[in-house]
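Student: Sequence plus predicted model, see below.
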Amino acid sequence: MFSKREGEEKQGEFWIERGRVSKPKSQNFYSKLNEHLAEMDFAGQVWALCAPAYCEESRGGRTWD
């Protein structure tokens, strides 16, 4: 089914020094994303959608008050 490869491949060095890794430019992506989500009240909307699944204390749920 599979044929053996011609020649032998060797894996190169796996680990590199931390100082040799380039640092990405700071684009503030996540801070801007968090600002936008806060403006939309994203967390509040998600909590409101999920609240019915968690509010039944008889089934082990809890209220979010």
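Tutor: It's in. Every value quoted in this text rests on a predicted model; they were computed, and no experiment measured them.
Student: What strand or helix carries Ser31?
Tutor: Using DSSP states H and E, Ser31 falls within helix 29-40.
Student: and the angle from the next helix or strand after that helix to helix 29-40?
Tutor: Once helix 29-40 ends, the next helix or strand along the chain (criterion: DSSP H and E) is helix 42-54. Orientation note: helix 42-54 sits at an angle of 70 degrees relative to helix 29-40 (axes from the mean of the first three to the mean of the last three CA atoms, to 10 degrees).
Student: for this protein, what helix or strand is lowest in average pLDDT?
Tutor: None of the helices or strands of the chain scores lower by mean pLDDT, DSSP states H and E than helix 42-54, at a mean of 87.
Student: Tabulate the CA atom coordinates of that one in CSV.
Tutor: C-alpha atoms of helix 42-54 as CSV (Å, rounded to 0.1, in the frame of the first residue of the first chain):
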residue,chain,number,x,y,z
PHE,A,42,-21.7,40.9,24.3
ALA,A,43,-21.1,39.2,27.7
GLY,A,44,-24.5,40.4,29.0
GLN,A,45,-26.3,39.0,26.0
VAL,A,46,-24.6,35.6,26.3
TRP,A,47,-25.4,35.4,30.0
ALA,A,48,-29.0,36.3,29.2
LEU,A,49,-29.2,33.5,26.5
CYS,A,50,-27.6,31.0,28.8
ALA,A,51,-29.5,31.9,32.0
PRO,A,52,-32.5,29.6,31.5
ALA,A,53,-30.2,26.6,31.3
TYR,A,54,-28.6,27.4,34.6
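Student: Cool, thanks, signing off.
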